[in-house]
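Trainee: when you get a sec, could you give me coordinates for this:
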Amino acid sequence: MENEENPFKDLTKDQLLNREVIETPLHLTDIGSRERILAQLEARAKELKVFQNFKRMFKSIQAEIIQSKKQINSYETEFTRAPLKLKCKNYVCNDMGVTKTDFNTTLMQSVDTVVCTHPILPVERLINVDTNTEKVKLAFYKDKRWQNVIAEKNTLASKNKILQLANTGIEVNENNAKDLIIYISDLLSVNTEVIPYNKAITHLGWTEDGFVPYIKDYKFDGDRSFEGVFKDIKEKGDVSIWLNTLRELRKNEVVHFLIASSFASVLIEKVHINPFIVHLWGKSGTGKSVSLIIAMSIWGNPAIGHLVKNLNSTSVGLERLSAFLNNIPFAGDELQAIKNKYTDFNEMIYKLTQGEGKSRGTVDGGIAEQLKWNCAFLTTGEEPITSEYSKEGVKNRVIEIEENNPLFDNEKQNGNQICTTLFSNYGFGGKMFLDKLPTDEELQRRHSQIFQELDKKYKGTGKQTNAIAAIILADEIASKYIFEDETIKVDEVERYFSKDIDEAERIYKLIFNWFSENLNRFNGKDNVEQWGRYDSIEDRVTAIYINPKILKDFLNNNNINFNGIKNKLFEKGYLEKSSKNEFTQPHRINGILQRVMLINIKSETKNIDEMPF
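Mentor: Residues are numbered from 1 along each chain as shown. The predicted structure is shown next:
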């Protein structure tokens, strides 16, 4: 009876081993029917004693069909107006979205899974040369237009992190996250020769290949908030108009110096010196802001809010922008606007000129990459950036230029006209300057020569002399190859060196001024707490005896460490030691014996009747 029910009972050996017969069960989608037909074929094969041959041929044909059904790498994306056409393995990629087609070997049929409901594909790989990390640029079609988003590679490898892309408009959720990850990975792996690869960078300035953004094979991969600044470094307008405008403006000594300082910013890293600040200050209306605009027109759009910034940022914000600019000068207008962000300008000066930010942690418990920069800071304000309270180390990092006379005082150099011209013609100087730079060795050799000339003539401090030498060097290059005019000479820069940089002298004056303002606390007469007493000869103060705690508290309040300055004060003869070689000594104040510090007063100091109390 079984033989009667078997439709293959009359097949000969050759007929049974025919490919068409063997394939019969493989084309059936119903599992039960497939298994029944296969069992009937196997039964006939056993009767004909060819079961092993039949089984071997069946497995071979089955594997061949499965392989052909999977069609590895046979599909291509069919998105309309997509940036790229890619191989897409077993995905159907069209304007309806992305669908994955798998061949179910049990069902022996295709099973479709929706990966994404709109077109999406990787179109670029970005390798950050600073961090050696990779990002992928994705293109996706939504709202009737192609859009782009750049995602970190680890975002595209995590089911949790990839959900963040939903905020950009990509339709990804917990249901399709895994499939979208695999899809993007598959397309990246089979299209390595098609998807473009580019170097990426988080900052402007020097790289091993040249100067960004003037080398074209680098893409911006930094903080999106700085993308506008990145795009501001560009050329616009007529180079001859820009050139003639700056050539005329350089006839003003201060403007000339600021232009040279702007060029010098890109030399700081080359000649191995510290970042420095050039601060132009004076009364309102002299043209300080216009001078910054002129200096930054070298690099790109010099308008305030573009390459010239209003200084209303936090300290962290300043660090981030400095690190992004890297070698391009940082131009900040109206410095007083940021003063309330710091205890005083001294703190800000140290932060900016040390060339690196604080080490900070990341949200996952790691350590973020430390921010670093090597640029000049060009600032303006209505008051100096340093004060009588500033330490020697602070003053050495700053070049202060006081200017209370109008910088532009005729019709040809009207500030508004200058701005109108430079807002339409800018950005030519940077590339011209960089193209003419000598080798690093030649830059360092010439910088050292200028430094020695300055040091011999002015006996300035190392940091300040280094900065001014770099500015003169930059001006020599710019004058020779760009402006074809007179350069800044060593004999012409005396005004840019700090005049009061003796630390002991500065602190002595600070102490005496404080004493003068609080004379009633040293005369033993007024009904107030007494901090000490003084000696005088013919109404001239000769010595002050001060309670050590009171003096140290005063110095600490002015960011001065007594232990760091006491020996300098002693060497200058301002601070007296006791017979036991101690900085305090016994002395009676109002009849009470106590330990005090003795400050000697110079003979040219004010008489008592000239003091405010």
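Trainee: from here on, just use CA atoms for contacts and neighbour counts.
Mentor: Will do.
Trainee: number of nearby residues for the closest residue to Ala166 other than its chain neighbours?
Mentor: By the measure of C-alpha to C-alpha, 6 or more residues apart in numbering, the closest residue to Ala166 outside its immediate chain neighbours is Val172, 5.7 Å from it. Val172 has 21 neighbouring residues, counting by other C-alpha atoms under 10 Å.
Trainee: and if you look at Ile385?
Mentor: Ile385 has 27 nearby residues by other C-alpha under 10 Å.
Trainee: in a helix, it, correct?
Mentor: No. Secondary structure of Ile385 (DSSP: H, G, I helix; E, B strand; the rest coil): coil, not part of a helix.
Trainee: excluding chain neighbours, what is closest to it?
Mentor: If the residues on either side of it in the chain are set aside, Ile385 comes closest to Phe345, at 6.1 Å by C-alpha to C-alpha, 6+ apart.
Trainee: give me the element the residue nearest to Ala166 is part of.
Mentor: Using DSSP states H and E, Val172 falls within no helix or strand.
Trainee: from here on, count from 198
Mentor: Shifting the count to begin at 198 puts that one at Val369.
Trainee: and it, how far from Lys769?
Mentor: Distance from Val369 to Lys769, counting by C-alpha to C-alpha, to the nearest Å: 73 Å.
Trainee: domains in this protein, by residue range?
Mentor: Split into domains by automatic domain parsing, the chain comes to 199-266, 288-397, 429-555+570-636, 701-807.
Trainee: right, and these - which one's nearest Tyr693?
Mentor: Closest approach to Tyr693 among the domains of the chain (C-alpha to C-alpha): domain 429-555+570-636, 5.8 Å.
Trainee: count the residues that sit near Ile490.
Mentor: Neighbours of Ile490 (other C-alpha under 10 Å): 25.
Trainee: for it, which non-adjacent residue is spatially closest?
Mentor: Using C-alpha to C-alpha, 6+ apart and skipping the chain neighbours, the partner closest in space to Ile490 is Pro499 (5.0 Å).
Trainee: if I pick that neighbour, what's in contact with it?
Mentor: Pro499 sits next to Leu489, Ile490, Ile491, Met493, Val505, Leu619, Phe620, Tyr623 when contact means C-alpha atoms under 8 Å, 6 or more residues apart in numbering.
Trainee: before we move on, what about Ala461?
Mentor: Shown in contact with Ala461 (C-alpha under 8 Å, 6+ apart): Ala573, Ala667, Ile668, Leu670, Ala671, Asp672.
Trainee: tell me, how many residues neighbour the fourth one?
Mentor: As a burial measure, Leu670 scores 28 neighbours (other C-alpha under 10 Å).
Trainee: again with the third one
Mentor: The number of residues packed near Ile668 is 24, by other C-alpha under 10 Å.
Trainee: strands along the stretch 198-347 of the chain, start to end?
Mentor: Along the stretch 198-347 of the chain, the stretches classed as strands by DSSP state E, counting those that start in this stretch are 288-291, 294-301, 306-313, 317-325, 331-339, 342-349.
Trainee: may I see the ones you listed organised as CSV, with mean neighbour count and mean pLDDT added?
Mentor: Formatted as CSV, the strands of the stretch 198-347 of the chain follow (neighbours: other C-alpha atoms under 10 Å; pLDDT from 0 to 100):
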stretch, mean neighbour count, mean pLDDT
strand 288-291, 22, 92
strand 294-301, 19, 82
strand 306-313, 16, 82
strand 317-325, 23, 95
strand 331-339, 19, 95
strand 342-349, 15, 94
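Trainee: among these, which is nearest Glu390?
Mentor: Short answer: strand 317-325, nearest of the strands of the stretch 198-347 of the chain by C-alpha to C-alpha, at 11.2 Å.
Trainee: so which elements touch the closest one?
Mentor: Contact analysis of strand 317-325 by 3 or more C-alpha pairs under 8 Å, 6 or more residues apart in numbering; DSSP states H and E lists strand 331-339, helix 374-387, strand 394-398 as its packing neighbours.
Trainee: and these as CSV, adding distance to Lys686?
Mentor: As requested, the helices and strands packed on strand 317-325 are exported to CSV (distance: least, C-alpha to C-alpha, whole Å):
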stretch, distance to Lys686
strand 331-339, 48
helix 374-387, 58
strand 394-398, 38
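Trainee: rewinding a little: the domains of the chain: which one's closest to Arg692?
Mentor: That would be domain 429-555+570-636 among those, by C-alpha to C-alpha, at 7.7 Å.
Trainee: show the end-to-end separation of that closest one, please.
Mentor: End to end - C-alpha to C-alpha - domain 429-555+570-636 spans 28 Å.
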